[in-house]
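[1] coords below, sequence missing:
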């Protein structure tokens, strides 16, 4: 063997001439490696494949004219974009390649931004400068910036778009979940424009909890909130029986009685057994609260807590006090003060008390707490940050209780601790952390939220949008988030509107909810007499709507104050309320308007002008327009509905002035009193 | 001398490694199922023709049932699911339960379009029996269209009512087409659809009950709606080949 090697060695390096020749040969081969690598490079193969693909097509000439060989690059220095993706992805702009089977060469789906202005990695991540698939998309386990899976791609939009966009449903949902589940009670999330994602839930204060419920209920609730109400946003802390016993002991021990104290109910409820159900229905409690009906179906909204087991949860005197005036127990509640009379209070309270779920607390038997248990409970409350969400007597709200997530989307994975079974990349880490936080260690404090996999993905999308780029890019790149204004009406009317919680449902001057119409210009829109009547006894304006304006049992004086204020203050500056006097609405115009209503614009497909023959369900019934609205408002609404109420689904029909005036005349001639209930399907 | 040899070999090896480069990954193969029974047919119970979003799980699981020759359910038959690249199943294979059914949660791939899902089992003779289901993945533009549809169109164009929304279809004298009615809508060109959405029914000599949306929605909104209508058509919409301007 060694002899053979020796002879081989002599053959190549035996004398200086041979050695020189051999070394030169080796050098030549080594020098050839680099150009050979380039020649056989992956991207050249892709370009050849692309040329092969387009040459077989009918529009080969056009496509070939667009084709440019060699390394392609999108370079946007001020956005730190150096993307060579278009070296292989050659057909991104070719409309005719929308459905070729080779994914790499397909046209990019339609998006509002051009590739040359934004690059690829801005949204998709990955290594822009790389020229092999492995390096550009993802490669080894430790790769910092792999390609973002398509389901999170809206995270790219969220870096600049902080507002709610129609085209990014998952991002919107994720941000809404982060707010709605109160993630930001503990985690700070600062957005690129300097605003914060604010918690949108309303965790109740526990200062007077002993007035409201029993320790047994608190125990069962903190053991498993979703066992009481599947829609509960309170997470599960996986407390052991002993821990739950001690936490409930501490929380109850800190509770102080309400001032003034709860009063026992002394009024008699309405003897009619159906009175409670019908008062619950008439007051439209179901607009906000869900309750399981006899058939086991959950019926109602999710603004307030589910009421299926309220009789088990709350004490009878608390329910009566709450129904009579919620401000007494919680001045910050979204629930309106209904002004029920004592009989109504007793009736509704009786109805709610009868909604029990005795199984929920059936197996809870707690003895009197010992001081050691209370002390241990206090430690648990402090350790778990209960006071981040709930007001608790004697415990300060902790600041920055959990890590800040403002830049979680750019977190280097070398700073993350992965556990078995989680893929080594940021999205998988976030998903694992959100869906099962305790899998990272039983001693971790983050509790278990009840989210579906789809909701987890939405939350992950919103978190991945919190990147370094989002935080540091120039402000001109950003579309700021829409923040609620701090508008508050003044004076006695303002107090009344606060007491009635108008803003829980209605938006006025950029402040309020979106459940009911925006009332910013209500004073221009309606007639005073109608508004007075409506506040006294709200009629049904929209036949197909389940959520409706409740009746607040207001006194005449209160109604006067409210209508005066609305008519005086909520006026649009765009046009004069009296600019279309009745004299201009001639009978001829009424007749012409009727024709337009029923033929040219077919308004009856969505609206009811005449209860006898029209059936349109979508818009409000218009049979009482002449009694309800102001003519100038109707005219301007018909001309351009979105200018008066942005986002309304009434289409702009591009009417001429004459058409709008005739239609206004017809609509103002409709003076049917009291909308009849349209038979519901 | 030997050292030179080692250096030489080392250099060559390095060069070779540089040349070839990369590494390969081993894919995990699921353990084969031990079926205790075989059926004669595989049928859909639920979950076909769902509209989902790229990369996302479908709302409803896909449930298929294995039946024997007489049409009654077979328990313990092995069912395998497969689909185009990117589509994933949890579980990807399972034995039918006591009611003869297998339930799987499906995630769609990263490309918009139709995904053909194949559920397969075998009969007593070992012959493969397959069931093909279509699932629809909406991309960015179609998703925007779906949102606009839910906001503006669905109340008249969808005959189904939900607990939050009462269908208005029955109140109209001319019944609108549901967007899934491919038989009718596939025959209309994009230009026709855009015209009828922008200018209302009268643009194509149809009912004025379809209002014009061109002054309310932007051009890109309407293009998104058309792409959504095309995406959900049943039977599927097939774009014609290249269209050149005709004189």
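    Noted; the coordinates are in hand. Just so it is clear, the structure is predicted and the values come from calculations on it, not from any experiment. Residues are numbered from 1 along each chain as shown, chains lettered A, B, ... in the order given.
[2] contacts, neighbours, all on C-alpha from now
    Fine.
[3] Which parts of chain B belong to which domain?
    In the assignment given by automatic domain parsing, the structural domains of chain B cover B:41-138, B:140-232.
[4] Now the phi/psi pair for residue B:225, please.
    For residue B:225, the backbone dihedrals (degrees, to the nearest 10) come out as phi -60, psi -40.
[5] tell me the pLDDT at the closest residue in space to it that isn't next to it in sequence?
    Among residues not flanking residue B:225 along the chain, residue B:145 sits closest, at 4.1 Å (Cα to Cα, 6 or more residues apart in numbering or on different chains). Residue B:145 carries a pLDDT score of 93 in this model.
[6] neighbours of residue B:145, just the number please.
    Residue B:145 has 26 neighbours, counted by other Cα atoms under 10 Å in any protein chain shown.
[7] where in chain B is pLDDT low?
    Confidence mapping of chain B against pLDDT under 70 gives the ranges B:1-31, B:239-247.
[8] do that again at 50, thanks
    Scanning chain B for pLDDT under 50 picks out the ranges B:1, B:14-28, B:242-247.
[9] Correct me if wrong, but the residue nearest to residue B:225 is in a helix.
    Yes - the assignment for residue B:145 is a helix, going by DSSP: H, G, I helix; E, B strand; the rest coil.
[10] one step back: could you take the domains of chain B and lay them out as JSON lines, with extra columns for distance to residue A:163?
    Below are the domains of chain B laid out as JSON lines (distance: least, Cα to Cα, whole Å):
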{"stretch": "domain B:41-138", "distance to residue A:163": "22"}
{"stretch": "domain B:140-232", "distance to residue A:163": "15"}
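[11] Residue B:129 - how many residues pack around it?
    A total of 17 residues lie near residue B:129 under the criterion other Cα under 10 Å.
[12] helix or strand for it, which one?
    In this assignment (DSSP states H and E), residue B:129 forms part of strand B:128-138.
[13] still on that earlier bit, I figured the residue nearest to residue B:225 hits residue B:220, correct?
    No - the criterion here is Cα atoms under 8 Å, and residue B:145 misses it with residue B:220 at 9.6 Å.
[14] The residue of the stretch 201-350 of chain A found nearest chain B sits in which helix or strand?
    Here the residue of the stretch 201-350 of chain A nearest chain B is residue A:299; by Cα to the nearest Cα that distance is 8.8 Å. Assessed by DSSP H and E, residue A:299 sits inside strand A:298-300.
[15] What separation do you get for the most centrally placed residue in chain A and chain B?
    When chain A is reduced to its mean C-alpha position, the closest residue under Cα atoms, centre = their mean turns out to be residue A:176, at 2.7 Å. Residue A:176 sits 17 Å away from chain B when distances are taken as Cα to the nearest Cα, to the nearest Å.
[16] re earlier: to the chain's geometric centre, what's the distance from the strand holding residue A:299?
    Averaging C-alpha positions (Cα atoms, centre = their mean, to the nearest Å) puts strand A:298-300 20 Å from its chain's average.
[17] What are the buried residues along that strand?
    Across strand A:298-300, burial judged by 16 or more other Cα atoms under 10 Å in any protein chain shown covers residue A:300.
[18] end-to-end on stretch B:181-194?
    Using Cα to Cα, to the nearest Å, one end of stretch B:181-194 lies 17 Å from the other.
[19] which residues touch it?
    Residues from elsewhere that reach stretch B:181-194 (Cα atoms under 8 Å, 6 or more residues apart in numbering or on different chains): B:179, B:204, B:222-223, B:226, B:230, B:233-238.
[20] of these, buried ones?
    So, by 16+ other Cα under 10 Å, the buried ones in the contacts of stretch B:181-194 are B:179, B:222-223, B:226, B:230, B:233-234, B:236-237.
[21] quick one: the helices in the stretch 51-200 of chain A?
    A:60-66, A:115-118, A:121-124, A:133-137, A:154-158, A:169-180 (DSSP state H, counting those that start in this stretch).
[22] Just list what the third one packs against, helices and strands only.
    The one in question is helix A:121-124. Contacting helix A:121-124 under the criterion 3 or more Cα pairs under 8 Å, 6 or more residues apart in numbering or on different chains; DSSP states H and E are the following elements: strand A:81-83, helix A:154-158.
[23] Repeat that for the second one.
    Helix A:115-118 makes packing contacts with strand A:74-76 when contacts are defined by 3+ Cα pairs under 8 Å, 6+ apart.
[24] try the fifth one
    Here helix A:154-158 is seen to pack against helix A:121-124, helix A:169-180, helix A:453-464 when contacts are counted using 3+ Cα pairs under 8 Å, 6+ apart.
[25] what does it rub up against?
    Here helix A:154-158 makes contact (Cα under 8 Å, 6+ apart) with A:122-124, A:168, A:170-171, A:461-466.
[26] Could you tell me the angle between the host helix or strand of residue B:114 and strand B:128-138?
    Residue B:114 is located in strand B:113-122, with elements delineated by DSSP H and E. Between strand B:113-122 and strand B:128-138, the angle comes out at 160 degrees (axes from the mean of the first three to the mean of the last three Cα atoms, to 10 degrees).
[27] Now do strand B:113-122: distance to the chain's middle.
    A distance of 10 Å separates the centroid of the chain from that of strand B:113-122, by Cα atoms, centre = their mean.
[28] and that strand, which strands flank it?
    If you go by DSSP bridges, strand B:113-122 pairs up with strand B:78-82 (antiparallel), strand B:128-138 (antiparallel).
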